[in-house]
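**Student:** Below are the sequence and a predicted model for it; my questions follow.
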Amino acid sequence: MANGFNDYYEILEVHHKASSEIIKNAYRTLAKKYHPDTSGLSQAESTKKMALLNEAFDILSDAEKRAAYDRLWSVYHQISAEEPSA
């Protein structure tokens, strides 16, 4: 998350043009990796990571939510590209 914007594609480690099948597979892989019962992370860290994964998957797996998110994502990346590097 940068500047208060969650990049769901980055969270799920997929390209922004990924198919719904790729998104689903990425979610399942990462959910297994970060699940509180199986990850090597602390309970708090794995719970936080799972919450982000669930949020990202909820948005990107629903066509209407994804379309709305993609509009925001596009604007965010356009603005980010225009900001001078520090």
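**Tutor:** Looks like it came in fine.
**Student:** Please save the CA atoms from stretch 23-30 in CSV.
**Tutor:** Output in CSV follows, covering the C-alpha atoms of stretch 23-30 (Å, rounded to 0.1, in the frame of the first residue of the first chain):
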residue,chain,number,x,y,z
ILE,A,23,-6.3,-14.5,-10.1
LYS,A,24,-8.1,-17.4,-8.4
ASN,A,25,-5.0,-19.6,-8.6
ALA,A,26,-2.8,-16.8,-7.2
TYR,A,27,-5.2,-16.3,-4.4
ARG,A,28,-5.3,-20.0,-3.5
THR,A,29,-1.5,-20.3,-3.6
LEU,A,30,-1.0,-17.2,-1.4
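**Student:** what distance separates it from the middle of the whole chain?
**Tutor:** In this view, stretch 23-30 has its centroid 11 Å away from the chain centroid, taken as C-alpha atoms, centre = their mean, to the nearest Å.
**Student:** try stretch 27-43
**Tutor:** Distance of stretch 27-43 from its chain centroid, counting by C-alpha atoms, centre = their mean, is 15 Å.
**Student:** Just the buried positions in it, please.
**Tutor:** Tyr27, Leu30, Tyr34, Ser39, Leu41 (16 or more other C-beta atoms under 10 Å). Every residue, glycine included, has its C-beta placed from N, CA and C.
**Student:** Switch these over to JSON lines; also include secondary structure and pLDDT.
**Tutor:** Output for the buried residues of stretch 27-43, formatted as JSON lines (DSSP: H, G, I helix; E, B strand; the rest coil; pLDDT from 0 to 100):
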{"residue": "Tyr27", "secondary structure": "helix", "pLDDT": "97"}
{"residue": "Leu30", "secondary structure": "helix", "pLDDT": "95"}
{"residue": "Tyr34", "secondary structure": "helix", "pLDDT": "91"}
{"residue": "Ser39", "secondary structure": "coil", "pLDDT": "82"}
{"residue": "Leu41", "secondary structure": "coil", "pLDDT": "84"}
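**Student:** Pipe these into TSV and attach distance to Ala51 per row.
**Tutor:** Below are those laid out as TSV (distance: C-beta to C-beta, whole Å):
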residue	distance to Ala51
Tyr27	13
Leu30	12
Tyr34	10
Ser39	13
Leu41	13
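**Student:** quick one: which of those is nearest Leu72?
**Tutor:** Checking those against Leu72 by C-beta to C-beta gives Tyr27 as the nearest, at 19.9 Å.
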